[in-house]
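**Q** need the 3D shape of this:
(2 chains)
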Amino acid sequence: MKNKRSESIRTQLLGPLLILLVLQAAVIAGLVLFGGVSIKLKNNEIHILSENTESTKLGLEKETLHHWVVMFNNSEFITAGIQQVLDSEGRKSKDIFTDYELNRKIVDKVMEKSIEMLHLSHATGVFMVLNGPAAMNSPVEVKAGFYMRNSNSGGYLKDNSSLLMERGLPSIAEKYDIPLDSFWELGFQEDENNKAACFYKKPYLMAVQNMAAQDDAMKFAYLSPPFRLSPKDMQVITYSIPIILNDGTVVGVCGLEITLNQLEQILGEDQTSGNFEECWLLGIRDKKTKTIVPVAYSGYLYNQYFNESQRIDYEDNEEESISELTSSEGTKWYASIKSLDVYGNNGPFEEEEWVLAGIARQKDLLSFYNAIRRMLLGSMAVPLVFSLLGAFVIGKIVTEPIRRLIVELRGKSGSRGLSLKRVYIREIDELTETIEQLNQDVERASSKISSILEHANILIGVFEFEEEADRVFCSRSLFHMLDWGSIEEPYCYIKTAKFKKYMERTFTGIKIKGDRILQCLEGPEGTRWVEFILDGSKKGTILGVCSDVTADVEEKEKLERERNYDLLTEIYNRRAFREQVAAAMKKQKKNVSALIMWDLDNLKYINDTYGHDEGDRYIVLFANCLKIFSEKGGIVARYSGDEFVTFMEADEKEEVREKIREFMKHIQKFSLNTGGGYQFPIRVSGGLSWYPDDAADFETLFSYADFAMYMVKHSVKGVVKEFDLNEYTHNSYMLAGSEELNRMLDKKEVRFAFQPIATREGTIYGYELLMRPKFANMKGISEVLNLARAQAKLSQMEALTWFSGLKAVMAEAMAGQLGTDEKLFINSIASVCLTEEEQMELEETYGELLHRIVIEMTEGEPVSHDFMHRKIDMARRWKGQVAVDDFGTGYNSEAILLRMRPDIIKVDINLVKRINEDQNRQIILRNLLDFAKQNNITVLAEGVETPEELEFLMKCGVSLFQGYYISRPQMEIRPLDPYIVRRMQEFSGKT
Amino acid sequence: MKKRWVLPVMAAVFISLLTGCEKKDPYGLSEKDPVTITIWHYYNGVQKEEFDRLVQEFNENEGREKGIIVKAFNKGSIDELSNLINESIEKKIGSDPLPDVFSAYVDKVYEVDQMGLAADLSSYLTSDEIGEYVDAYMEEGKFDSTGAIKVFPIAKSTEILTVNKTDWDKFAEATGETEEALSTWEGITRVAESYYKWTDSLTEEPDDGKAFFGRDAFANYMIIGSLQLGHEIFKVKDGKTVLDFDEQTMRKLWDNYYVPYVNGYFGSYGKFRSDDVKTGQLVAFVGATSGIAYFPTSVTLEDGTNYAIESKLYPLPNFQGTVPCAVQQGAGMMVFKSEEKREYAATLFLKWFTCVGQNMKFAIGSGYLPVKKAAGNEELLKPFLAEAGEDSGVSQNLLIGLNTANQYRLYTSKPFEGGDRARNVLNSAMVLKAKEDYEKICSLMEQGVKRESAVAEFVTEENFDQWYRDTMEQLEAIIGE
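**A** Purely as a prediction, here's the structure:
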């Protein structure tokens, strides 16, 4: 179980106090925040938005709609004016639909009063559209009427200088001195696709369809969505009513216009009041949906968040009776949405609801509310802080005497007969007494344990060193163990300074072995080892335990020795050598180092001749000589039986060489005195490699030295040779390959290729078996043979050639590739011969093949007469044949023909090459052919590579052919290329 | 204890939380308590739209940050505006309270300044800022040697000749007239007569020829024409105004306006001459560059006949053999004296409005010339011209306007006491006379008098002398006050 952390009284006091305070504050805050005040505050804020919206709505209605409705209620001057014109002209209302002149007069008639109405209405424009032609030559769909705009709405100017004519006849403009606006046109262009015509067409058609009476005109009032009168004109909305004459004829529409600009100005007025920012949106809502299509807006907030929104969706929040919406980038808004009093119930345009929305960001709207909440929380925090401070101070006053007691106690701890001051606080004084009592108990107990340990003969010395204290605890056994004298008590405290002096005197040189601290003490009874175990886990205190480990250490040293030294010679063994050299190489104090590999030359002989004891003496003798190097700082080791190594460092190579020369002289003084009184001199071969010139790593360095030694061993012996990289690269295959060669000879695993030998007619006479060893380090069969020769393994090679060659032949025969009559040419090594046992085994195993054998005497070996005759005999016995290989080069000269009397002469490629061009070659060949004919010898031409050569050879009368032109050696036998066969038949046919 | 700093820091945090920090403006502008600046101007139609748009942009950005709300109102024509200002100054019943800023010609400002109501804007502008404006424009607003600036230039205009090229081409083809004639007043008078006769010849009906030319802002014709011919009508010297109303010069002006007008070669019908071109009653007119929004693109006759036309702009014509001279006009903005905060706020808006970007947008859209030197830079113009279309009317208008400003002698009369009224006299004296007499001729013709003889009754020395003396008297009366 985890221990509970002890806490100061201060914390203990503060905790509950704090909880109390928080609770108190929470109660107050809770009362304010959740006791209705807070909610009321929030509702108030929301209510302000609603109020503002309501008043803005009312203001807007007053400025626009209500004003206009009043205007239209007083607009009978239009119908009256029209009626007057009709009466005075004696025309009927229907004539308006056809007579442009009549329409001009009507416009003229109502113009003045319309301008007046425009000025009074606070609108930005006034218009009248008559459902009749505008001018004589204008198209039918262009309607008559006028449309004027006032740039100074609400103001009343004496002249018409703030007016512009948008639609109307030039003569009217002239008469009333009204300038034409940029997009002035003569009349109202009616066009099905033109949205701009709705403002008069909609109410007109509605009135016509409903057959409205004159008094009903206002019921068909239509507030248009924003549009542009001309494509580049500013956006406006219009409020229009049909013009209905007494007789019920709907002759046109009149109305007022307000530009969006103006509308937005009205909306924008007085919006700076209040402690949150709002913006206003006037829009059209399809009845019963919650989507507003914006028409006009004001306030920079709108531009910032909703600019160019085509529609704004909102949701109703029933609880707070406000609507909520979210702008595209995620800000939350409150919206108070009020619908404008535009159309009466059940009016024809009731579906389109005009609404005004006051919108404010939720965080703005609630900023006061939030500020109040923040202040409340703040007012909770301030007393909390003060209370914390108070509690802190009180805690300090209460804990002070206890702290003093603790300090005193610490100062006196460890001393005997503890007595403490009283603080005169009852509880604490009682505690003090208890502590004193406890201390006495502990003292008694500890002396008990010490004496028990001593009596139990467990020698353990103990001390406790505290960083801040001026005394150190030491046990009696420690004194005894470290020869510090003796004390009476089982333990004592000594001054730190004294302790340190003792320690310095005792610990002359601490040996750290692994994680143990050991000290060697020379005493009258001999060397003793003492081990220290220090425990610093308690901060500021070091607990030291020391024990006598002499026996332990001695045992360990013995083991170590056995591990690293060669028992016979008492110099390093292989393992230790590697370690030491690796370390030396790592340090590399001097410029060069040399690794010398020694090999005793005559050990095998001595062992064989005088027995192993003498051999061992011989080894010890040499090892003692080698110690001369270790005296000079070299590292010397016995590597294996008769192999030794030396590693030494020097400033330059010559120094090493000199030492080696001295050494070689030195060993001449020693000799092994064998039993017979014969003084056997020490003879040793050595190879040397340089570090770091030759190699930088131990393995390579070692193998180079070994190679150099090997080269000496296989030549002169008895000297030391330095490693030569050139030599190594040339002969390394010998080292590397010997391994492979041995493997090959052991496992008898080698492959053979078959090169066909053809007759003049293109039939197969036989195959030459060519050995194809697979060696990683050697390039060809000649290197393998070299190696085998160097390793004295030629006899094994010969046996391998015979056995594996014939095995390969059997395999081909089994595979059905080989007929029954083809001759088998086998290359025999001239300098060796099969043993009799091998010969017998061969006859037993491959008897049925032997009569097909043609033994080729291999080129390049000095011919041994005995072996040659044995082989010839062998061939005769098997009823096989003998062939002379490579005739014309190497060792095989004419003399051999006389001695050997072969059945076949193989003419060397050098003689065959380009023979058709070279007369000298031709002469030699002719002579040979003459000789062969007379002695019944078949001539085989090797290395035929071109058809010319083949043709010439045939012409001369050569009987057998071998070479790349006829066929390359193949791992599996295949028939000859029919093309070649045909060529050969052609050539032979000629002769 | 380790955390002794905690308490003071916390205290500071609390105090700052409770009080909040506010940045102060030198003149006490604050975002929380914005000041509303009202502006009265005479911009109408497209210009008003452009102006309002910029005002809105200001209110939503710079204005909001600095605590300034600008409200702009159109108050009719410049004359109407001038009257309303007078009424408000006199606190006539029903008049609006004075605005903070209004657009006015220098004359008007001079008049207001005499009453001690115009604020000096120089203290709100650094000399570097003043240096950015075309010197002549700034100079205009300085009435004395103290360096006080009373008028803030925001947009300037000059005059330009616009021709209905479609109809001109027909006429030129038929008569062999060339557009060279359009560079002098004499040429225009001659061509106008030729045009009348040609149009007359197109119908059987006698004397039904059409007028060729008309012009607005007639005072400019008088003042600039007289100046060209060597007589500056109102010369202000050492605070005194000297009248130089030369009879010979006036005669020349008479011959090139009154005479062709009563003959029916010149005309004026609608409110502005551009209207007359649109309604097909005139072929060419001289008007302010700021009228570009009303640039005619088609002609619609009273009878509904409608055809598209191509218009072409020419520099202002001059009298033959004189140095080219043109008026430099366009109202500046005057700020009424009030508290520093309001004056400063008004200046801030005007400065913002005349920044090259804003000013150029306004200029391109409204046909005014920008007021900063930097705006003359072609590189700077390019993007704006490209946006409007290099060959569009507005671009041509701006380029010819800037060209005129460079190559003509630009003239604007110095303000003086009564200058406003004197100007009105010049604006109307000859025009009204011509109009009245033309109407008389028309009624004579209706009674059967032949045109030539009816006209001859009016084109007489006596008639001119009488007009000259009459006008002279009126002017002297104003100057003499």
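**Q** can I see the domain layout of chain A?
**A** Using the TED database, the domain ranges for chain A come out as A:58-257, A:265-365, A:456-555, A:577-723, A:744-988.
**Q** sorry, slip of the keys, the one I care about is chain B.
**A** B:35-156+B:330-411, B:159-327+B:418-479 (automatic domain parsing).
**Q** rank these by pLDDT, which is bottom?
**A** Out of the domains of chain B, domain B:35-156+B:330-411 stands lowest, with a mean of 86 (criterion: mean pLDDT).
**Q** how long is it end to end?
**A** 38 Å (C-alpha to C-alpha, to the nearest Å).
**Q** hmm, that domain in reach of chain A?
**A** Yes. Domain B:35-156+B:330-411 lies within reach of chain A by C-beta under 8 Å from any C-beta of the partner chain, at B:43-46, B:48-49, B:52, B:56, B:59-61, B:64, B:69, B:71, B:73-77, B:79-80. Glycine gets a C-beta too; all of them are placed from N, C-alpha and C.
**Q** any of those residues buried? List them.
**A** B:43-46, B:48-49, B:52, B:56, B:59-60, B:64, B:69, B:71, B:73-77, B:80 (16 or more other C-beta atoms under 10 Å in any protein chain shown).
**Q** returning to that earlier point: could the domains of chain B go into TSV alongside distance to residue A:236?
**A** Shown next, in TSV, are the domains of chain B (distance: least, C-beta to C-beta, whole Å):
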stretch	distance to residue A:236
domain B:35-156+B:330-411	12
domain B:159-327+B:418-479	17
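**Q** between the ones you listed, which gets nearest to residue A:89?
**A** For the domains of chain B, the distance to residue A:89 is smallest for domain B:159-327+B:418-479, at 19.4 Å, taking C-beta to C-beta.
**Q** now for residue 398, how many residues are close by?
**A** Went with chain A since none was named. Residues lying near residue A:398 (other C-beta atoms under 10 Å in any protein chain shown) number 13.
**Q** my question was about chain B
**A** Neighbour count for residue B:398, taken as other C-beta under 10 Å: 25.
**Q** show the pLDDT at the residue nearest the centre of chain A.
**A** Centroid-nearest residue in chain A: residue A:697, 33.7 Å away (criterion: C-alpha atoms, centre = their mean). pLDDT recorded at residue A:697 is 82.
**Q** what about residue A:966, which SS state?
**A** Assigned by DSSP: H, G, I helix; E, B strand; the rest coil, the conformation of residue A:966 is coil.
**Q** surely it is in contact with residue A:981?
**A** No. Taking contacts as C-beta atoms under 8 Å, residue A:966 lies outside contact range of residue A:981: 9.3 Å.
**Q** these two - which one has more neighbours?
**A** residue A:966 (23 against 17).
**Q** which non-adjacent residue is nearest the more buried one?
**A** residue A:758 (5.1 Å; C-beta to C-beta, 6 or more residues apart in numbering or on different chains).
**Q** and the strands in the stretch 51-200 of chain B?
**A** With DSSP state E, counting those that start in this stretch as the criterion, the stretch 51-200 of chain B has strands at B:68-74, B:101-104, B:159-164.
**Q** counting contacts, what elements does the longest one pack onto?
**A** Meaning strand B:68-74. strand B:35-41, helix B:45-60, helix B:62-66, helix B:340-353 (3 or more C-beta pairs under 8 Å, 6 or more residues apart in numbering or on different chains; DSSP states H and E).
**Q** Serialize these to TSV and add fields for distance to residue A:147.
**A** As requested, the helices and strands packed on strand B:68-74 are exported to TSV (distance: least, C-beta to C-beta, whole Å):
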stretch	distance to residue A:147
strand B:35-41	24
helix B:45-60	14
helix B:62-66	34
helix B:340-353	31
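**Q** could you point out which of those sits nearest residue B:166?
**A** Of all the helices and strands packed on strand B:68-74, it is helix B:45-60 that lies closest to residue B:166, at 23.2 Å by C-beta to C-beta.
**Q** just the residues contacting the closest one, thanks.
**A** A:151, A:164, A:181-182, A:234, A:261, A:264, A:300, A:303, B:39, B:41, B:43, B:68-72, B:74, B:290, B:293-294, B:349, B:352-353, B:358, B:361-362, B:365-367 (C-beta atoms under 8 Å, 6 or more residues apart in numbering or on different chains).
**Q** any idea how far chain A is from the residue nearest the centre of chain B?
**A** Geometric centre of chain B, nearest residue: residue B:330, 3.8 Å, by C-alpha atoms, centre = their mean. Noted for residue B:330: a distance of 17 Å to chain A, by C-beta to the nearest C-beta, to the nearest Å.
**Q** wait, that residue sits on residue B:366?
**A** No. Checked against C-beta under 8 Å, the pair residue B:330 and residue B:366 is beyond contact range at 10.1 Å.
**Q** what's the neighbour count on the residue of the stretch 501-650 of chain A found nearest chain B?
**A** Of all residues in the stretch 501-650 of chain A, residue A:539 sits closest to chain B, at 20.6 Å by C-beta to the nearest C-beta. A count of nearby residues for residue A:539, using other C-beta under 10 Å, gives 6.
**Q** helix/strand/coil for it?
**A** Reduced to three states by three-state DSSP, residue A:539 is coil.
**Q** same check on residue A:899?
**A** helix.
**Q** pretty sure it is touching residue A:872, no?
**A** No. When contacts are counted by C-beta under 8 Å, residue A:899 is not listed as touching residue A:872 (9.5 Å).
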